[in-house]
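# Turn this into a structure:
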Amino acid sequence: RWPWCGEIDIMEYVGHEPNRVWGTAHWSDKTVNTADGHKSSGGHLDLPAPLSDDFHVYSMTWDKEKITFSVDGRQYHEVKLADMQPNVRDWPPFNQYHFLLLGLEADEGADIGRRLLVDWVRIYERKR
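Numbers count the residues shown, from 1 in each chain. Here you go, the predicted structure:
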């Protein structure tokens, strides 16, 4: 169940913040006093022009120690996996099968187009 299985948002775009890109990790933490224990760590980067004005390269690098988020080669957020321990309900939260979702969140009334154009998606695995 979510958020026990973990969620990694490589790129989030919110219509009322047209110049801002978000990257966020979500998981479930036993110390959070809610039914699902939802906890997250996110960061953002403001670009000089709206994200929709051009194509961008959104990246996530995930290794044994951390998850980093970047846009156009500029790192803007890092989540250290050790910061989640020992309170995560299902450790490690991201070592399960995942879906790759590409989505566009459009706020009601936001003056943006309703198209999401994707040129390519690549997934690399480091050789052991």
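# Provide a complete list of residue ranges assigned to helices in this protein.
Applying DSSP state H to the chain gives no helices.
# ok, which stretches of it are strands?
For the chain, the strands defined by DSSP state E cover 7-12, 20-28, 38-46, 58-62, 66-71, 74-80.
# Residue 58 reaches residue 21, doesn't it?
Yes - between residue 58 and residue 21 there is a contact under C-beta atoms under 8 Å: 7.1 Å. (C-beta placed from N, C-alpha, C; glycine too.)
# shared neighbours, the two?
Contact criterion C-beta atoms under 8 Å, 6 or more residues apart in numbering; residues bridging residue 58 and residue 21 by contacting each: 11, 71.
# quick one, which of these two is more surrounded?
With neighbours defined as other C-beta atoms under 10 Å, residue 58 and residue 21 compare such that residue 21 has more, 25 against 17.
# show me the contacts for that one.
Residue 21 touches 11, 12, 13, 44, 45, 47, 51, 56, 58, 71, 76, counting by C-beta under 8 Å, 6+ apart.
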